[in-house]
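[1] just coords:
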Ligand code: SF4
């Protein structure tokens, strides 16, 4: 930036869950520069390319500036309308549909991009104001399986470790986790201990795999066999912490019998790894003083995601690698506020990790809110993919998407398109317009984004960080929080649900009371403390230091996790396995990063990676333009990159690009527990354009 800032504001990055602290420079109220905050404990002054250019998002072209309505109905253009008309139409259209079909006919998809205070406010609005249970976050597309897996093993969500563990562990095993691209600043935490051994299990030779001491190029979805095979060796060779197992776990005997079947040869056959490599990795993990297992979407994006997390937790429990410095089974989350939404929302649990089916929890919440307990739902509503399927089946007739762009991010686009066109009323609330999803909207609400509103995010290590406003929203755009409160007013519930509220700090104060005494207790921190300390971790630096888990008997539970073949195996028509993922330059569906020239110029288009063996067999040449075809649809005109980064029989494509949308071909298969999609494996063929 050539212009010099006259003011610097502390805030937290609004992209990924690393949660880097930053300083934003403004001149005459306009954002002109971004720097890493040198005093911040997470990133110590560093930022990745997205963070360094984040201030440019605010004044990028394509911001949504006015409410827009299809006044003449579907097939007519969206036209600017006043906020008054927009929100009146929204309340009356949804009200009419609820009158006809019941209150659950409204499906709402929130996002890990909202502030915790906003997500908390939205949960109350949907569940108690609109009275629909069908509410979920786009976080179900990225880390719902981590939540379910933690609940299976430990009885509650909550990543037990801290980023500092990446430095202190003497063995770090990353499973399906390409942090060099997706959480780049976390990579700086690796290897500060020169003795540390980094092991990366990934079918693809990712940038992270290139950093590893040992790369395990496992066959797609064979991570469960690898984890069970490591357990087998730990048990066989006595590399377990029997005292820890006896004192703090249950289900051990059944697990021992189960793991006996995962012989080295069997695991080698399933994973494609040599027997020697599996032995070596198991011994490194088993002999570590402190071992850390981190995972991201390679694990979560699977129909077996939740139980794969449980299989990871099994290893930590067997060896007592939990609740100590350097020792943790650790879900590296996705979005900047994935954790805050997990804790405060109404989606997979009631606020404060309370259970829908617990009378005690419901009564406790109702008492805080001074409402009758019977007004609280006793079971969660439909999860994101089930809301989409219900829209296709006309059981959900109104859809409200908030700061998310499912046309690019949801699997099996054709199914989604059917839902969007079948639903009778679709609202898209976003900071940008047009977006691919807004094409299907009956009503568009322009929202303020990061940098234009104040509150908190919580990162992967449970660190609550302050987010500050330093710019004004463009045009008539309003904060999501303001939109929610105005809707509450129009529904006549503002005084009951949000008595006296006018700012996100009011929501924070209530959320503190709601979380008090819970595992995710925010009650002892003020916004000022959080900002001055570079964030505060709820639950302290690590969870479960005392070995007591939030299950009825206080013990963590071993799970016997079978390794099942994935849903859509390659065959003679569709002979390649497509894996999808991300790249460092872009954030999710490129709504923001596609509008930042430096990022978009670095990576303007999608590509497809193919192994030279397959390229030769299929007679492709480097940089051919190709179509990727699955049973569902095709992605056309994609640049082919022939590279050993992917193994024979597999291809890889990033998912960010609307124009070359990988989710045209991905599979609509979901984890039965978490409902997270299986983005990582589907069968395709590749054709020359
Ligand atoms: Fe932002 Fe994540 Fe990059 Fe840090 S690593 S600057 S949080 S995108």
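    Noted; the coordinates are in hand. All figures in this text were calculated on a predicted structure; none of them were measured in a lab. Residues are numbered from 1 along each chain as shown.
[2] low-scoring stretches of this structure, by residue?
    For the chain, applying pLDDT under 70 flags the ranges 1-3.
[3] taking it, what residue is nearest to the ligand?
    Evaluated by C-beta to the nearest ligand atom, the chain has residue 51 as its residue closest to the ligand, separated by 2.5 Å. Glycine gets a C-beta too; all of them are placed from N, C-alpha and C.
[4] please look at that residue and residue 21 and confirm they touch.
    No. Using C-beta atoms under 8 Å, residue 51 makes no contact with residue 21, being 9.8 Å away.
[5] touching both of these two, which residues are there?
    Common contacts of residue 51 and residue 21 (C-beta atoms under 8 Å, 6 or more residues apart in numbering): 13, 36.
[6] and the contacts of the helix or strand that contains the residue of the chain closest to the ligand?
    Using DSSP states H and E, residue 51 sits within helix 49-52. Residues outside helix 49-52 that contact it (C-beta under 8 Å, 6+ apart): 13, 15-16, 20, 22, 34-36, 185, 584-587, 593, 598-599, 602.
[7] if you set the cut-off to 6 Å instead, what comes out?
    13, 15, 20, 22, 34, 587 (C-beta atoms under 6 Å, 6 or more residues apart in numbering).
[8] the fourth one belongs to a helix, doesn't it?
    When you say that, I think you mean residue 22. No. Residue 22 is assigned strand when assessed by DSSP: H, G, I helix; E, B strand; the rest coil, not a helix.
[9] tell me the contacts of it?
    11, 13, 34, 36-37, 51.
[10] could I get those as CSV with secondary structure and neighbour count?
    As requested, the contacts of residue 22 are exported to CSV (DSSP: H, G, I helix; E, B strand; the rest coil; neighbours: other C-beta atoms under 10 Å):
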residue, secondary structure, neighbour count
11, strand, 25
13, coil, 29
34, strand, 23
36, strand, 21
37, coil, 23
51, helix, 24
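[11] and residue 70, how many neighbours?
    The number of residues packed near residue 70 is 17, by other C-beta atoms under 10 Å.
[12] wait, it touches residue 76, no?
    Yes. Here residue 70 reaches residue 76: they are 5.3 Å apart, a contact under C-beta atoms under 6 Å.
[13] give me the buried positions along stretch 212-232.
    Buried residues in stretch 212-232, counted by 16 or more other C-beta atoms under 10 Å: 212, 214-232.
[14] could you pull up the residues touching the closest residue in space to residue 113 that isn't next to it in sequence?
    Once flanking residues are discounted, residue 113 sits nearest to residue 403: 4.5 Å by C-beta to C-beta, 6 or more residues apart in numbering. Neighbouring residues of residue 403 by C-beta under 6 Å, 6+ apart: 111, 113, 430.
[15] most neighbours of all the residues you listed, which one?
    Counting neighbours by other C-beta under 10 Å, the one among the contacts of residue 403 with the most is residue 113, which has 31 neighbours.
[16] quick check, that residue in a helix?
    No. Residue 113 sits outside any helix when classified using three-state DSSP, being coil.
[17] check which helices and strands the helix with the most length in the chain is in contact with.
    The longest helix of the chain (DSSP state H) is helix 83-101. Counting contacts by 3 or more C-beta pairs under 6 Å, 6 or more residues apart in numbering; DSSP states H and E, helix 83-101 is packed against helix 480-491.
[18] buried residues of the helix it packs on, list them for me.
    Using 16+ other C-beta under 10 Å as the test for burial, helix 480-491 gives 480-488, 490-491.
[19] how about those residues in a markdown table, adding distance to the ligand?
    Converted to a markdown table, the buried residues of helix 480-491 look like this (distance: C-beta to the nearest ligand atom, whole Å):
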| residue | distance to the ligand |
| --- | --- |
| 480 | 20 |
| 481 | 22 |
| 482 | 25 |
| 483 | 25 |
| 484 | 25 |
| 485 | 29 |
| 486 | 31 |
| 487 | 31 |
| 488 | 32 |
| 490 | 36 |
| 491 | 36 |
